[in-house]
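Novice: Next one to model:
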Amino acid sequence: MIIPWQELEEDTLTNIIESFVLREGTDYGLVEKTLSEKVADVKMQLQQGEIVIVWSELHETINLKHIRDLK
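Specialist: A predicted model of the protein is given here:
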């Protein structure tokens, strides 16, 4: 189930994004970004519709997925 990010409280959204960023361990190139910068990048991707928040009822987990991965 896709959870509309606009319906989440700001603190909840930030916590979900921080958890995702810290869990993923993504490589950001030669210059490491701060947690705040990474969170801002992910928020921008949500606002642009590139990624969505997905709740798995089966696993009772929440994750962020790229929109192309849902098709």
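
Novice: Just to be sure, Arg23 is in a helix?
Specialist: Yes - Arg23 sits within a helix when classified using DSSP: H, G, I helix; E, B strand; the rest coil.

Novice: How confident was the prediction at it?
Specialist: Arg23 carries a pLDDT value of 86.

Novice: Around it, count how many other residues there are.
Specialist: The number of residues packed near Arg23 is 10, by other Cβ atoms under 10 Å. For glycine as for every other residue, the C-beta is placed from the backbone atoms N, C-alpha and C.

Novice: roughly how far is stretch 36-53 from the heart of the chain?
Specialist: Computed by Cα atoms, centre = their mean, to the nearest Å, the separation of stretch 36-53 from the middle of its chain amounts to 6 Å.

Novice: Mind listing what's buried along that stretch?
Specialist: Lys38, Val39, Val42, Lys43, Gln45, Leu46, Ile51, Val52, Ile53 (16 or more other Cβ atoms under 10 Å).

Novice: Just the strands from this structure, written as ranges.
Specialist: 2-3, 51-56, 61-66 (DSSP state E).

Novice: quick one on the thing from earlier: okay, the buried residues of stretch 36-53 in JSON lines with pLDDT and distance to Asn15 next?
Specialist: Output for the buried residues of stretch 36-53, formatted as JSON lines (pLDDT from 0 to 100; distance: Cβ to Cβ, whole Å):
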{"residue": "Lys38", "pLDDT": "91", "distance to Asn15": "14"}
{"residue": "Val39", "pLDDT": "94", "distance to Asn15": "10"}
{"residue": "Val42", "pLDDT": "94", "distance to Asn15": "12"}
{"residue": "Lys43", "pLDDT": "96", "distance to Asn15": "12"}
{"residue": "Gln45", "pLDDT": "96", "distance to Asn15": "17"}
{"residue": "Leu46", "pLDDT": "97", "distance to Asn15": "14"}
{"residue": "Ile51", "pLDDT": "96", "distance to Asn15": "16"}
{"residue": "Val52", "pLDDT": "97", "distance to Asn15": "17"}
{"residue": "Ile53", "pLDDT": "97", "distance to Asn15": "12"}
